[in-house]
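Undergrad: just the structure for this:
(one chain, ligands or ions: 1)
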Amino acid sequence: MTENELLQIKDLDLILDDTVILKDLSLTVNAGQVYALIGPNGCGKSSLAYTLMGLDGYSPSNGEVLFKGEDITDLATQERAQKGITLAWQQPARFEGVKVRKFLALGLESQGREVTEQQLRWALNEVAINPDRYLDREVDDTLSGGERKRIELASILLMDPDLVILDEPDSGVDVIALNNISQVINSFRAQGTGVVLITHSDEMLDLADTAALVCGGNIVRRGQPQQIAAYFKDDCSPCGDNECLVEVAANDR
Ligand SMILES: Nc1ncnc2c1ncn2[C@@H]1O[C@H](COP(=O)(O)OP(=O)(O)OP(=O)(O)O)[C@@H](O)[C@H]1O
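TA: All right, here's what the predicted structure looks like:
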């Protein structure tokens with residue numbers, strides 16, 4: 001392990017309901033690196049995110065996950081969060097009866113940390129949400145999906161994690177919010193936070209330092225983001241056959 005390595009995933013296998021979801025998957029994310037995961041629907045990107053976060057039911061049958069050199073493969077989600085790993089969901093949850101200000105504070109409070117009104121307002125401003133209008137609203141279905149996504153990102157900003165996993169942060173947000181989210185990702189990088197960025201969007205890929213193409217639960221190519229995206233668009237789409245993709249990539253890793 002080099003000094004810069006934050007997350008190492010080694011030979012990960014995940015089986016859900018007798019179906020192989022991840023197969024022999026390995027990758028390394030450095031501190032301050034934005035690492036994009038792209039790939040077809042259902043190839044295992046979110047499952048990898050849940051496995052990294054240690055969610056119930058997502059225990060790998062083989063392989064290991066190292067964070068800052070420590071084996072965290074068997075740690076619970078809360079323990080991983082305390083070590084500095086955070087996940088933003090593809091579909092953020094609703095919290096009926098919980099105000100935005102409470103929701104924003106929850107992550108920090110669970111770690112015994114306090115948050116000031118000024119910090120709450122700063123975090124919402126960072127994601128283009130007006131604190132005056134939203135701090136006392138509830139995190140329920142009266143918020144739009146895009147608003148919930150941005151508020152969730154604000155809560156992550158406040159937690160100041162070492163590694164953040166963003167599952168399609170751009171989906172369902174408007175173009176102004178997209179710019180803000182891009183800025184947030186850039187500031188994660190600038191402060192040395194590692195970012196695993198799951199995305200289908202070219203704008204998001206432009207932010208990444210490196211990208212991996214996931215197919216059939218494995219990484220079949222990795223490298224410069226636009227090259228990986230071009231390969232995915234131009235050479236993969238007619239294929240649709242995971243076995244074929246793995247074979248094509250095997251000579252080129
Ligand atoms: N509990 C489960 N049991 C069986 N199969 C599952 C289970 N959960 C997910 N899967 C399957 O695992 C595969 C990977 O799903 P996952 O959500 O990780 O894909 P994804 O790459 O994130 O897709 P998308 O781009 O559509 O979000 C899918 O084929 C899905 O149907």
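Undergrad: strands along this protein, start to end?
TA: 5-16, 19-30, 34-38, 62-67, 70-71, 85-88, 95-99, 138-139, 163-167, 194-198, 210-215, 218-223 (DSSP state E).
Undergrad: of all the residues in the second one, which ones are buried?
TA: The reference is to strand 19-30. Ile21, Leu22, Lys23, Leu25, Leu27, Thr28, Val29, Asn30 (16 or more other CB atoms under 10 Å). In short, each C-beta sits where N, CA and C put it, glycine included.
Undergrad: and the third one, by the same measure?
TA: Within strand 34-38, the residues that qualify as buried are Val34, Tyr35, Ala36, Leu37, Ile38, counting by 16+ other CB under 10 Å.
Undergrad: got it, and the first one?
TA: Of the residues in strand 5-16, those buried by neighbour count under the rule 16+ other CB under 10 Å are Glu5, Leu6, Leu7, Gln8, Ile9, Lys10, Leu12, Asp13, Leu14.
Undergrad: closest one of these to the ligand?
TA: Leu14 (8.8 Å; CB to the nearest ligand atom).
Undergrad: surely the closest one meets Ser61?
TA: Yes - counting by CB atoms under 8 Å, Leu14 does reach Ser61; the two are 6.8 Å apart.
Undergrad: with Ile9 as the reference, measure out to Asp24.
TA: 11 Å (CB to CB, to the nearest Å).
Undergrad: please apply the same query to Ala128.
TA: 33 Å.
Undergrad: again, but for Ala36
TA: For Ala36, the distance to Ile9 - CB to CB - is 15 Å.
Undergrad: how about Ala88?
TA: To Ile9, Ala88 is 19 Å away according to CB to CB.
Undergrad: so where's the stretch 101-250 of the chain uncertain?
TA: For the stretch 101-250 of the chain, the stretches with pLDDT under 70 are 237-250.
Undergrad: can you list the residues of this protein near the ligand?
TA: Listed as neighbours of the ligand in the chain under the rule CB under 6 Å from any ligand atom: Leu16, Asp17, Thr19, Ile21, Gly39, Asn41, Gly42, Cys43, Gly44, Lys45, Ser46, Ser47.
Undergrad: restricted to helices, list the residues you listed.
TA: Counting by DSSP state H, the residues of the chain next to the ligand place Lys45, Ser46, Ser47 in helices.
Undergrad: which one of these sits closest to Gln183?
TA: Nearest to Gln183 among these, counting by CB to CB, is Lys45 at 23.4 Å.
Undergrad: count the residues that sit near that closest one.
TA: 23 (other CB atoms under 10 Å).
Undergrad: what does Pro169 give?
TA: Pro169: 29 neighbours (other CB under 10 Å).
Undergrad: nearest residue to it in space, please, no chain neighbours.
TA: Excluding the flanking residues, the one nearest Pro169 by CB to CB, 6 or more residues apart in numbering is Ile181, at 5.3 Å.
Undergrad: got it, and Ala154?
TA: Per CB to CB, 6+ apart, closest to Ala154 is Ala123, 4.0 Å.
Undergrad: right, and that neighbour touches Met159 too?
TA: No - Ala123 lies out of contact with Met159 (CB under 8 Å); the separation is 9.6 Å.
Undergrad: who's more crowded, those two?
TA: More crowded of Ala123 and Met159, by other CB under 10 Å: Ala123, with 22 against 19.
Undergrad: now the helices for the stretch 51-200 of the chain?
TA: 77-83, 100-109, 117-126, 131-134, 145-159, 175-190 (DSSP state H, counting those that start in this stretch).
Undergrad: buried stuff in the third one?
TA: Right, helix 117-126. Leu120, Arg121, Ala123, Leu124, Glu126.
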